[in-house]
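# Model the structure of this input:
(one chain, ligands or ions: 1)
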Amino acid sequence: MTMRLLPAAAGSGVVFRRTDLDNFEIPATGRNVAKVSYATSLMRQGVLISTTEHLLSALIGMGIDNVIVEIDNLELPILDGSALPYVEAILAVGIRQQRRRRETIRVLQPLEVREGEKFIGVYPGSGYRISYTIEFPAPIGVQKTCIDLATETYGSEIAAARTFGYKADERKLRDMGLIRGASTENAIVLGANGPENGPLRFPDEYVRHKVLDLIGDLALAGRRLEGHVVAVRAGHAMHTALVARLMKDRSAWELAHVPVEAPAESQPEADSGYSEAALAGA
Ligand SMILES: [Zn+2]
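Below is the predicted model of the structure:
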């Protein structure tokens, strides 16, 4: 399969384009969220695009608001289970700063979603801060992290964190059709004695990956958030439930126009000739 990222006009957001289906387009918005279990999928008029979260996370993390994602498959490539290959491909071609000021969703009032022991909320605050707490069976246990995307580098702190799974669950998940070729190449595989394909990239790689997923799922709000997100034992379903709440409760936020600082790693690009990032997966 082949996936390409193409430049898009200011204000167009992120749009997936299925090149295997007459270039059918599916905008990455909460309206198109289809089903959410172990990954997030979008659907429009019956056309699916699945496992969107790692790419959307990389785009938000790199400060990219507008892009066309061409793909000839219904599922995005899992790559190494993190967002790092996306970040590297984007950095390799560079980012163009557009003239129009960025629109953000500035949170004005708290919004909270609770389901049993799972919780997610968003609160007013400057920048885009995320606090995440996970609790999983051993060897993970409880992990917490807090990141401020305004001051910390997504590329070095979050992008490389890989998805993970328990070896004990593998057969069950496979029977449910939920794992298509999960392996030590594209996930941390947890056995009884810890990761079977160590060493970890961060001591708290698990919670960092949940932050990565959260950023990707909240991208479906359509614009970058300005506020503080708190998540406890959440997952894709809770993340997208918060997006749905945001979309429903229009009085809880306002569209703010903020000047975009040039990303530190971006390269200036000539106005003639676009460049594109090409990613090939198996
Ligand atoms: Zn993930």
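# Give me the buried positions along stretch 87-94.
87, 89-91, 93 (16 or more other Cβ atoms under 10 Å). From N, CA and C alone the C-beta is placed, and that goes for glycine too.
# quick one: which of those residues is nearest the ion?
Among the buried residues of stretch 87-94, residue 87 lies closest to the ion (Cβ to the ion), at 14.4 Å.
# Surely residue 112 and residue 119 touch.
Yes - proximity of residue 112 to residue 119 meets the contact threshold set by Cβ atoms under 8 Å, at 7.1 Å.
# of those two, who's got more company?
residue 119 (16 against 12; other Cβ atoms under 10 Å).
# Quick check: closest non-adjacent residue to that one.
residue 232 (4.3 Å; Cβ to Cβ, 6 or more residues apart in numbering).
# surely the one you found meets residue 116?
No - contact criterion Cβ under 8 Å: residue 232 and residue 116 do not qualify, at 11.0 Å.
# For those two, work out which one has more neighbours and name it.
residue 232 (17 against 6).
# Contact partners for that one?
Contacts of residue 232 were listed using Cβ atoms under 8 Å, 6 or more residues apart in numbering, and they are 117-120, 132-133.
# Ramachandran coordinates for it?
phi -130, psi 120 (degrees, to the nearest 10).
# ok, it to the ion distance?
Note on residue 232: its distance to the ion, by Cβ to the ion, to the nearest Å, is 18 Å.
# What does the pLDDT read for that residue?
If you check residue 232, the pLDDT there is 98.
# So what sits opposite the nearest residue to residue 139 once chain neighbours are set aside in the bridge?
Leaving aside its sequence neighbours, residue 139 sits nearest to residue 194 (Cβ to Cβ, 6+ apart; 4.7 Å). Counting by DSSP bridges, residue 194 is bridged to residue 191.
# wait, residue 194 sits on residue 164?
No - using Cβ under 8 Å, residue 194 makes no contact with residue 164, being 11.2 Å away.
# Neighbour count: the two, which is higher?
Per other Cβ under 10 Å, whichever of residue 194 and residue 164 has more neighbours is residue 164, with 19 against 12.
# Next up, phi/psi of the more buried one, please.
Main-chain torsions, residue 164, degrees, to the nearest 10: phi -150, psi 160.
# Does it have any beta-bridge partners, and if so which?
Beta-bridge partners of residue 164, as defined by DSSP bridges: residue 188.
# What distance do you get for it to the ion?
Where the ion is concerned, residue 164 sits at a distance of 9 Å (Cβ to the ion).
# from memory that residue sits against residue 206, does it?
Yes - using Cβ under 8 Å, residue 164 makes contact with residue 206 at a distance of 5.6 Å.
# Give me the common contacts of the two.
Joint contacts of residue 164 and residue 206 (Cβ under 8 Å, 6+ apart) are 140, 188.
# so what's the closest residue to the ion within the stretch 51-200 of the chain up against?
The stretch 51-200 of the chain approaches the ion most closely through residue 163 (4.2 Å), counting by Cβ to the ion. Listed by Cβ under 8 Å, 6+ apart, the contact set of residue 163 reads 78, 81-82, 186-188, 209, 213.
# Those: which ones sit near the ion?
residue 213 (Cβ under 5 Å from the ion).
# Write out the residues of the stretch 51-200 of the chain neighbouring the ion.
Residues of the stretch 51-200 of the chain that fall close to the ion, judged by Cβ under 5 Å from the ion: residue 163.
# what secondary structure does the residue minimising distance to the centre of the chain sit in?
By Cα atoms, centre = their mean, the chain has its centre lying nearest to residue 216, at 1.8 Å. Secondary structure, DSSP: H, G, I helix; E, B strand; the rest coil: residue 216 is helix.
# quick one: contacts for it?
Residue 216 neighbours (Cβ under 8 Å, 6+ apart): 40, 52-58, 60, 83.
# Out of those, grab the one that's most surrounded.
Within the contacts of residue 216, most neighbours by other Cβ under 10 Å means residue 83, with 32 neighbours.
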